[in-house]
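> this is a predicted model, with the sequence first.
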Amino acid sequence: MEEEEGGDPELLGDRRGLQDLLSREGRRRPRAAPPSPFQEEIQPGMRKTLAVWMLKVCEEQKCEEEVFPLAMNYVDRYLSCVPTRKNHLQLLGAVCMLLASKLCGTTPLGMEKLCIYTDNSFTPSEVLGWECLVLEKLKWDLASVIANDFLDHILQQVPLPQHKLDLVKKHAQTFIALCATDYTFAMYPPSMIATGSIGAAVHGLSTSSSNFSGEALTALLASIIGTEVDCLKACQEHIEASLDENLKQTSSQSRQEHNPSKNAVYPDSQEVNLTSTPTDVTDINL
């Protein structure tokens, strides 16, 4: 996905911006860990398959980094309050990508393009109708705070050279996308996923020095967002374990490229042969 430019240093250096994000991050989260217990047809594995397909579409369309995590926020919020049939799951994902790209993308995804990615399982008119339905169920409240929103604010306070900060940010964005594909990360607030991703990126890139060890970094990150060190450490370890698992799965799978339009989340299939590793994760050299 395309790189975004950093924000205004003056604004990022103002603590009030971070405090505002922290105060709002819990307002637009799913009511229950997705998928909600009352979903009769939607299983965790189906959400995973949908998420990987959505990430591949966002990668191919070079969407901004925020589009995919924001779209998954919409998916999880919808599934936490609306009983959904499994043959509507891919349509829901397409609509959520459309909405997220309209909110934070420079060029919104086209409905016709999204239909092509579903092997034309749906029509543009169906996408349009579901767009109104999802907006209604989300109460037109789309300005969710996601982990990406915290990155620049937090990195502004991490004592690393700028060129290393840029690399850490790139890898942290990949880890955030990885977290968005796994429903078990819904237990963590966006700020903790952001700091955990930064910690995992610094640790994996071995950019910390002797006087800025992993323990020191974790303590700093925890103090920035006002959380417990042990909680943040658990989140970072969860991220690193998820990365390891995905890399193992990738190494055991065929290196053949997958075309998202040919690997759609077909309505009647519970198991779809999709790689469960976000594209950028395979490029990380730890």
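On my side now, so go ahead.

> just the helices in the stretch 151-286 of the chain please.
With DSSP state H, counting those that start in this stretch as the criterion, the stretch 151-286 of the chain has helices at 162-180, 190-205, 214-225, 229-252.

> please render those helices as JSON lines that adds mean pLDDT and distance to Gln90 to the earlier fields.
C-beta coordinates here come from the backbone N, C-alpha and C atoms, glycine included. Listed next are the helices of the stretch 151-286 of the chain as JSON lines, based on pLDDT from 0 to 100; distance: least, C-beta to C-beta, whole Å:
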{"stretch": "helix 162-180", "mean pLDDT": "92", "distance to Gln90": "17"}
{"stretch": "helix 190-205", "mean pLDDT": "92", "distance to Gln90": "25"}
{"stretch": "helix 214-225", "mean pLDDT": "91", "distance to Gln90": "35"}
{"stretch": "helix 229-252", "mean pLDDT": "86", "distance to Gln90": "22"}
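
> right, so of those helices, which gets closest to Leu18?
Judged by C-beta to C-beta, the one of the helices of the stretch 151-286 of the chain that comes nearest to Leu18 is helix 214-225, at 7.5 Å.

> need phi/psi at Gly105.
The phi and psi values for Gly105, taken as degrees, to the nearest 10, are phi -100, psi 150.

> what do you get for Glu64?
The phi/psi pair for Glu64 (degrees, to the nearest 10) is phi -60, psi 150.

> per-domain residue ranges of the protein.
With automatic domain parsing as the criterion, the domains of the chain are listed as 28-137, 148-283.

> now find how far off-centre the longest one is within its chain.
Think domain 148-283. Counting by C-alpha atoms, centre = their mean, to the nearest Å, domain 148-283 is centred 9 Å from the centre of its parent chain.

> ok, now which ones touch Val202?
Val202 makes contact with Val158, Leu160, Val168, Ser208, Gly214, Leu217 under the criterion C-beta atoms under 8 Å, 6 or more residues apart in numbering.

> do you know how far His163 is from Lys169?
With distances taken as C-beta to C-beta, to the nearest Å, His163 is found 11 Å from Lys169.

> quick one, which of those two is more surrounded?
Neighbours were counted for His163 and for Lys169 using other C-beta atoms under 10 Å; Lys169 has more, 23 against 8.

> please determine how far that one is located from Glu112.
Noted for Lys169: a distance of 33 Å to Glu112, by C-beta to C-beta.

> ok so, going back, out of the helices of the stretch 151-286 of the chain, the one nearest Leu91 is which?
Once those are compared by C-beta to C-beta, helix 162-180 is nearest, at 19.1 Å.

> quick check: which helices or strands does that closest one pack against?
Contact here means 3 or more C-beta pairs under 8 Å, 6 or more residues apart in numbering; DSSP states H and E; on that basis helix 162-180 packs against helix 44-60, helix 67-79, helix 148-155, helix 190-205, helix 229-252.

> is it possible to export those helices to TSV including distance to Leu99?
Output for the helices and strands packed on helix 162-180, formatted as TSV (distance: least, C-beta to C-beta, whole Å):
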stretch	distance to Leu99
helix 44-60	12
helix 67-79	6
helix 148-155	16
helix 190-205	18
helix 229-252	26
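
> what distance do you get for the residue lying closest to Val75 once chain neighbours are set aside to Ile154?
Closest residue to Val75 apart from its sequence neighbours, by C-beta to C-beta, 6 or more residues apart in numbering: Cys96 at 5.0 Å. Separation of Cys96 from Ile154 (C-beta to C-beta) stands at 26 Å.

> settle it for me: which of the two has more neighbours?
Under the neighbour definition other C-beta under 10 Å, Cys96 and Ile154 were set side by side, and Cys96 has more, 28 against 21.
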